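Have a look; sequence and predicted model below, questions after that.
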Amino acid sequence: MAFVFMQRELAARKEQSLLRQRQCIDSAAGALIEVAGQHFINFSSNDYLGMRRSAEVAQAWVDGISEYGGGSGASPLVTGYTKAHRELEDYLAAGLGRDKVLLFNSGFAANQAICQALLQVDSELIADKLIHASLIDGAQSCDGKLVRYRHNDVEHLEQVLAKSSQVTDKLVATEGIFSMDGDRAPLEAMLPIVTKHQAWLMLDDAHGMGVLGAHGLGTAEALSLSQQQLPILMGTFGKAIGTAGAFVAGSAELIDYLINFSRHYIYSTAMPAAQAHATTASLITLQKPQRRELLLQRITQFKQLAQRAGITLLPSDSAIQAVLVGSAEQALKISDKLKSLGIWATAIRYPTVPKGTDRLRLTLSSLHQEQDIQALIDALQLSLHVKD
Ligand SMILES: Cc1ncc(COP(=O)(O)O)c(C=O)c1O
């Protein structure tokens with residue numbers, strides 16, 4: 001029998017409380033979701049600023065579809081690249097002070113594209129231990145070598161770089177806000193080290209876009225990181241921006257290289273123009289700080305209430321707040337108990353996070369009301385030590 005490993009591996013996952021199953025969301029309104037006829041306050045969405053269902057994004061999708069149609073009809077190098085794509089690229093390039101920007105269908109594709117196009121024989125990707133799976137997979141499937149340094153450990157990064165002194169093409173990769181822990185990379189401390197060792201810095205700012213920076217352009221805007229300091233910036237639109245897709249920003253040479261050599265870009269249908277149009281509308285809306293300010297209030301409120309309730313959180317000032325629970329089984333139990341109390345908080349388990357760091361990953365949003373945060377705290381107090 002062919003492919004018998006599937007049955008075996010699915011059974012093993014079930015046995016270890018690691019089986020993944022999808023839940024169909026029947027409807028959503030504000031911070032509420034409806035699943036199988038029940039309503040929950042959603043604390044598991046990356047829509048940190050409520051842009052996904054905002055009037056601005058919805059209207060721009062409708063306008064974009066009426067102008068450009070449902071899909072782009074071709075890959076970007078054929079006839080799939082439109083005025084809407086160019087406007088989004090130009091908006092980001094101008095706002096971020098980059099020569100050029102290139103759009104991808106997802107952050108996963110963008111990260112893989114960077115690895116595939118740049119990591120040739122004798123090059124290295126030196127990545128934070130907690131870097132996203134798309135970069136790990138990207139690096140492992142190309143000719144370059146993948147080296148890891150301990151999470152946010154600048155000294156270890158320096159040691160790793162020192163060992164790679166013979167390597168000419170070195171890319172140091174980290175995240176603006178780490179997706180599962182919610183903490184930030186120590187970029188200001190990393191920059192002089194990366195420069196000293198003549199490496200390039202790459203930032204995956206999937207979770208910083210929209211929520212950081214005076215105009216919501218993420219970590220690079222918040223820290224005024226120039227193109228020279230940060231030669232490769234990747235950001236995604238599927239989280240706080242409320243649409244989908246991703247971009248890479250950098251020098252004209254980098255972007256021209258990707259246009260010519262990135263297989264993920266060349267051999268894939270361009271993102272729908274309407275999506276690019278809606279994304280630009282979202283970014284323009286997010287120039288105003290109100291949604292970010294509201295999110296910050298919710299984060300502060302949550303952290304204060306959690307501390308008062310004796311709930312231990314991983315260190316994070318972002319919308320991503322994690323409660324470690326130690327085992328996959330316990331994470332599932334707590335998540336189920338929270339559901340019975342009207343709170344949706346997905347258990348995040350190995351291999352998404354390292355073994356033994358199974359957790360509840362709680363994501364806060366400007367859509368949450370004060371009473372939603374209080375309800376979450378109350379439910380956590382009742383759930384965290386649940387046995388059956
Ligand atoms: C840090 C990080 N990078 C990249 C991605 C992939 O982005 P996308 O969802 O657009 O494929 C994600 C999303 O899960 C992420 O959290």
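Looks like it came in fine.

only C-alpha atoms for contact and neighbour calcs from this point on.
Will do.

low-confidence ranges in the chain?
Residue ranges of the chain with pLDDT under 70: 387-388.

hmm, 80 instead?
Along the chain, segments meeting pLDDT under 80 span 386-388.

Mind naming the longest helix for it?
helix 290-309 (DSSP state H).

If I take the next helix or strand after that helix and helix 290-309, what angle do their directions form?
Next in sequence after helix 290-309, counting helices and strands by DSSP states H and E, comes strand 320-324. Between strand 320-324 and helix 290-309, the angle comes out at 20 degrees (axes from the mean of the first three to the mean of the last three C-alpha atoms, to 10 degrees).

Return the alpha-carbon coordinates of the following helix or strand past strand 320-324 using CSV.
Per DSSP H and E, the first helix or strand lying C-terminal to strand 320-324 is helix 328-340. Extracted in CSV, the C-alpha atoms of helix 328-340 (Å, rounded to 0.1, in the frame of the first residue of the first chain):
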residue,chain,number,x,y,z
ALA,A,328,-0.4,20.1,24.4
GLU,A,329,-3.1,18.2,26.3
GLN,A,330,-3.4,20.9,29.0
ALA,A,331,-3.5,23.6,26.3
LEU,A,332,-6.4,21.9,24.6
LYS,A,333,-8.2,21.4,27.9
ILE,A,334,-7.9,25.1,28.8
SER,A,335,-9.0,26.2,25.4
ASP,A,336,-12.1,24.0,25.6
LYS,A,337,-12.9,25.3,29.0
LEU,A,338,-12.6,28.9,27.8
LYS,A,339,-14.9,28.0,24.9
SER,A,340,-17.5,26.8,27.4
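
Residue nearest the middle of the protein, spatially speaking?
Central residue of the chain (C-alpha atoms, centre = their mean): Ala206, 3.4 Å from the mean position.

which stretches of the protein form helices?
All helices of the chain, identified by DSSP H, fall at 5-15, 55-68, 83-96, 107-118, 133-140, 154-163, 187-196, 219-222, 252-261, 263-266, 273-285, 290-309, 328-340, 370-383.

and of these, who's closest to the ligand?
The closest of these to the ligand is helix 107-118. By C-alpha to the nearest ligand atom, the value is 3.3 Å.

Need the helices of the chain in TSV (columns: mean neighbour count and distance to Ser45).
Output for the helices of the chain, formatted as TSV (neighbours: other C-alpha atoms under 10 Å; distance: least, C-alpha to C-alpha, whole Å):
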stretch	mean neighbour count	distance to Ser45
helix 5-15	11	25
helix 55-68	17	17
helix 83-96	18	24
helix 107-118	24	17
helix 133-140	20	19
helix 154-163	16	31
helix 187-196	16	26
helix 219-222	21	20
helix 252-261	16	31
helix 263-266	19	27
helix 273-285	24	17
helix 290-309	17	13
helix 328-340	21	15
helix 370-383	17	14
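
Select, out of those, the one closest to Phe40.
Across the helices of the chain, Phe40 has its closest neighbour in helix 328-340 (7.2 Å, C-alpha to C-alpha).

Need the contact partners of the closest one.
Helix 328-340 is contacted from outside by 16-18, 40, 325, 344-350, 356, 358-360, 379-380, 383-388, using C-alpha atoms under 8 Å, 6 or more residues apart in numbering.

Just the buried ones from those residues?
The neighbour-count test (16 or more other C-alpha atoms under 10 Å) applied to these identifies 17-18, 40, 325, 344-349, 358-360, 379-380, 383-384 as buried.
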